[in-house]
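> Just the structure for this:
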Amino acid sequence: LLAKALNCEKKKSTEPCNDCFSCDAVNQGTSLDIIEIDGASNRGIDEIRNLKEAAQVAASFSHYKIFIIDEVHMLTPPAFSALLKILEEPPSHVVFILATTDAHKIPATILSRVQRFDYKKLTPAQIVQKLTKIGALEEIKLEPKAALAIAYSAEGGMRDAESSLTKIIAFGEKTITQEHVSQILGIVPNDFHFSFFKNLINNNLQEALANIN
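Numbering: from 1, shown residues only. Now for the predicted structure:
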């Protein structure tokens, strides 16, 4: 999305137009100027040297040649050293986007030379809204409590929530309840938590043990 916005030929604000040649190439996955690299599989110094050589070549059709390095924290120390050199003096036509789930594993020398954007997890309400929309498109009735249970189990990740919903839909139910979610995903329903803590507060040992069982 960021790469598409940077190279959009007709954008009037920060949003790409989704209509120009550059946007269409990104949408079709045919853009020659956006190179995505898996840092986990291409983590050595030779791969980064190849990247440096490719960065010297101007973009084919777009304003910028954009390199997206996913899982960048997996690079080896020598590879990071090689990457640092081009980050210090990047060609004017090149943009690097470094993506990671473990920013604390990135060397401080790299972090000091990039802009850092930390993405926040989605709220349960946001996930429920999207799941409900998906359910409607799939002609599945997703009960509110069921959607909320999936949302909490995803812990802020929309991809995990969608994956869980796909698993549940695969069982062929046209109406998805909280019970379906609990059974299929192996989630303890919230009602059990409330009952358990209530028994703890009231010193009802036998009932609390029954909750655990």
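
> elements contacting the top helix by length along the chain?
Looking across the chain with DSSP state H, the single longest helix is helix 124-137. Judged by 3 or more Cβ pairs under 8 Å, 6 or more residues apart in numbering; DSSP states H and E, helix 124-137 is in contact with strand 141-142, helix 144-154, helix 158-169. From N, CA and C alone the C-beta is placed, and that goes for glycine too.

> residues in contact with the first one?
Contacts with strand 141-142, where a contact means Cβ atoms under 8 Å, 6 or more residues apart in numbering, come from 131, 132, 135, 165, 174, 175, 176.

> same deal with stretch 120-130?
Taking Cβ under 8 Å, 6+ apart as the rule, stretch 120-130 contacts 144, 147-148, 150-152, 154-158, 161-162.

> Quick check: of those, which has the highest neighbour count?
Counting neighbours by other Cβ atoms under 10 Å, residue 150 comes out on top of those with 28 neighbours.

> re earlier: only the buried subset of the contacts of strand 141-142, as a PyMOL command please.
Command for PyMOL that selects the buried part of the contacts of strand 141-142, burial taken from 16 or more other Cβ atoms under 10 Å:
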select buried, resi 131+135+165+176
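
> Hmm, which of the contacts of strand 141-142 is lowest in pLDDT?
Ranked by pLDDT, the contacts of strand 141-142 bottom out at residue 174, which has 86.

> Tell me if I'm right that that residue and residue 135 touch.
No - checked against Cβ atoms under 8 Å, the pair residue 174 and residue 135 is beyond contact range at 10.3 Å.

> Could you dump the contacts of strand 141-142 into a markdown table with distance to residue 93 added?
Below are those laid out as a markdown table (distance: Cβ to Cβ, whole Å):
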| residue | distance to residue 93 |
| --- | --- |
| 131 | 41 |
| 132 | 44 |
| 135 | 45 |
| 165 | 42 |
| 174 | 53 |
| 175 | 54 |
| 176 | 50 |
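
> which ones are touching residue 150?
Counting by Cβ under 8 Å, 6+ apart, residue 150 touches 127, 131, 161, 164, 165, 168, 181, 185.

> if I look at it, how far off is residue 142?
Going from residue 150 to residue 142 by Cβ to Cβ, to the nearest Å gives 8 Å.

> go on, residue 195?
25 Å.

> Residue 70 too?
Here the distance between residue 70 and residue 142 works out to 31 Å (Cβ to Cβ).
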